[in-house]
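1. Quick one: sequence and predicted model below, then my questions.
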Amino acid sequence: MLDTASTLDASLYEGLLHSEREEVRKRLTSYGKIGYPKEPLGYGGVGGLIVMPYNTPNSTLPILWSDSNKWLPLFRRVRRISGIGSFKYKLEEAAKARIETPRSEKIDRTCTIFVERKHDEAFFDTLNEVADLKTRLNVPDVKVVSVGILHNENVIRMLAETTSNPIVVVDDDGNRAQKMFAKNQEHIPHVNLFPSFFKMFDIERVLEELPEIADSIPDEIRNDSTKLLKSLEQRIIQKAGTAERSRPIIRRLTENALSWDAVDAFVEEVRSKLRK
């Protein structure tokens with residue numbers, strides 16, 4: 001169950017940063033101990049938010065139904081119910097009068113994509129334009145930020161707590177950054193790209209765009225797609241000399257040699273990890 005106080009992904013915490021969500025849950029637990037010391041988040045620690053007109057289940061938060069220790073509940077939980085018929089009529093009338101405000105499906109927070117290197121930033125800046133990530137992700141804006149080394153746990157925590165919708169892109173090559181994120185998935189959403197953002201290029205089209213580099217690649221590397229992707233990336237960066245000088249080449253490839261199947265898969269994974 002996601003719509004409970006026991007999970008930080010519940011709708012109850014919508015709009016709050018991770019640190020704020022933890023603080024709210026601690027406060028709910030603290031108050032819950034007053035009304036139901038044994039299980040402050042309700043029976044089984046479920047932390048349910050549901051309230052029923054005939055009786056509130058004990059798996060709901062005790063702060064809603066318990067009257068122990070002089071706690072004043074919103075919906076007192078009772079053992080025996082009398083005269084429920086008259087209340088049923090009132091509840092039905094109230095339901096009819098209630099004005100429902102349609103909830104927009106659009107996520108109203110900017111998505112910030114964090115990457116390690118400057119040429120990663122160059123790729124995702126261009127991808128943002130070419131693939132119209134803002135529209136595809138249903139967010140008001142998409143920003144790309146290069147933050148350098150990502151294997152520092154304090155950096156990971158800071159990104160999670162200071163950004164409303166962070167997505168960290170990590171090269172899935174077994175490096176320290178990738179291993180660190182594997183241990184911190186709960187704290188910050190991330191996407192692994194194997195072996196790097198070059199995964200989102202159509203290899204044959206890259207070779208067509210850069211024949212001078214294609215001619216220098218040995219056959220044994222050409223026959224291994226993973227090695228070929230890594231080799232292409234290394235040769236392009238080395239030829240440019242600096243990350244800034246590699247930007248025009250990366251932009252050219254992003255505009256002309258994308259694998260749209262890979263882009264679609266990336267977008268879907270990011271969408272699934274945006275905070276609702």
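-> Done, it's in. Numbers count the residues shown, from 1 in each chain.

2. rest of the way, CA atoms for contacts and neighbours
-> Noted.

3. Tell me how far G32 lies from W71.
-> To W71, G32 is 10 Å away according to Cα to Cα, to the nearest Å.

4. Pull up the overlap in contacts between those two.
-> I63 (Cα atoms under 8 Å, 6 or more residues apart in numbering).

5. Looking only at neighbour counts, state which of these two leads.
-> Between G32 and W71, counted using other Cα atoms under 10 Å, G32 has the larger neighbour count: 23 against 17.

6. Name the residues that touch the helix or strand containing that one?
-> Under the criterion of DSSP states H and E, G32 resides in helix 18-35. If you take Cα under 8 Å, 6+ apart as the criterion, helix 18-35 is touched by 5-6, 8, 13, 39-41, 61-63, 66-69, 71, 160-161, 187.

7. And that helix, what's buried?
-> H18, R21, E22, V24, R25, L28, T29, Y31, G32, K33, I34, G35 (16 or more other Cα atoms under 10 Å).

8. returning to that earlier point: helices - which of the contacts of helix 18-35 land there?
-> Secondary structure defined by DSSP state H assigns P62, I63, A160, E161 of those to helices.

9. For the last one, give me its contacts.
-> Right, E161. Contacts of E161 by Cα under 8 Å, 6+ apart are L17, H18, S19.

10. Apply 10 Å and report the result again.
-> By Cα atoms under 10 Å, 6 or more residues apart in numbering, E161 lies in contact with L16, L17, H18, S19, E20, H187, I188.

11. ok, how many other residues are close to V267?
-> V267 is flanked by 15 other residues according to other Cα under 10 Å.

12. mind listing the strands in the chain by residue range?
-> Using DSSP state E, the strands of the chain run over residues 111-115, 142-146, 166-171, 190-193.

13. The first one relative to strand 142-146, how many degrees between them?
-> Pointing back at strand 111-115 there. Angle, strand 111-115 to strand 142-146, by axes from the mean of the first three to the mean of the last three Cα atoms, to 10 degrees: 20 degrees.

14. just checking, what packs against strand 111-115?
-> The contact analysis (3 or more Cα pairs under 10 Å, 6 or more residues apart in numbering; DSSP states H and E) places strand 111-115 against helix 118-130, helix 133-137, strand 142-146, strand 166-171, strand 190-193, helix 260-273.

15. pLDDT (mean, whole number) over the last one?
-> Helix 260-273 shows a mean pLDDT of 95.

16. Buried residues in that helix, which are they?
-> Neighbour-count burial for helix 260-273, counted by 16+ other Cα under 10 Å, picks out V263, V270, R271.

17. For it, give me every contacting residue.
-> Residues outside helix 260-273 that contact it (Cα under 10 Å, 6+ apart) are 111, 113, 127, 131, 133, 136-139, 165-169, 188-193, 197, 199-202.

18. what pLDDT, on average, does the helix holding G32 get?
-> 90.

19. Convert that helix to PDB, retaining C-alpha atoms only.
-> Provided in PDB are the C-alpha atoms of helix 18-35 (Å, rounded to 0.1, in the frame of the first residue of the first chain):
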ATOM      1  CA  HIS A  18      12.700  13.800   1.700                       C
ATOM      2  CA  SER A  19      14.000  15.300   5.000                       C
ATOM      3  CA  GLU A  20      10.600  17.000   5.600                       C
ATOM      4  CA  ARG A  21       8.700  13.700   4.900                       C
ATOM      5  CA  GLU A  22      10.800  11.900   7.500                       C
ATOM      6  CA  GLU A  23      10.100  14.700  10.100                       C
ATOM      7  CA  VAL A  24       6.300  14.500   9.500                       C
ATOM      8  CA  ARG A  25       6.400  10.700   9.900                       C
ATOM      9  CA  LYS A  26       8.300  11.000  13.100                       C
ATOM     10  CA  ARG A  27       5.700  13.600  14.400                       C
ATOM     11  CA  LEU A  28       2.800  11.300  13.500                       C
ATOM     12  CA  THR A  29       4.500   8.500  15.300                       C
ATOM     13  CA  SER A  30       5.100  10.600  18.400                       C
ATOM     14  CA  TYR A  31       1.500  11.800  18.600                       C
ATOM     15  CA  GLY A  32       0.300   8.300  17.800                       C
ATOM     16  CA  LYS A  33       2.000   7.000  20.900                       C
ATOM     17  CA  ILE A  34      -0.400   9.100  23.000                       C
ATOM     18  CA  GLY A  35      -3.500   7.400  21.600                       C
END
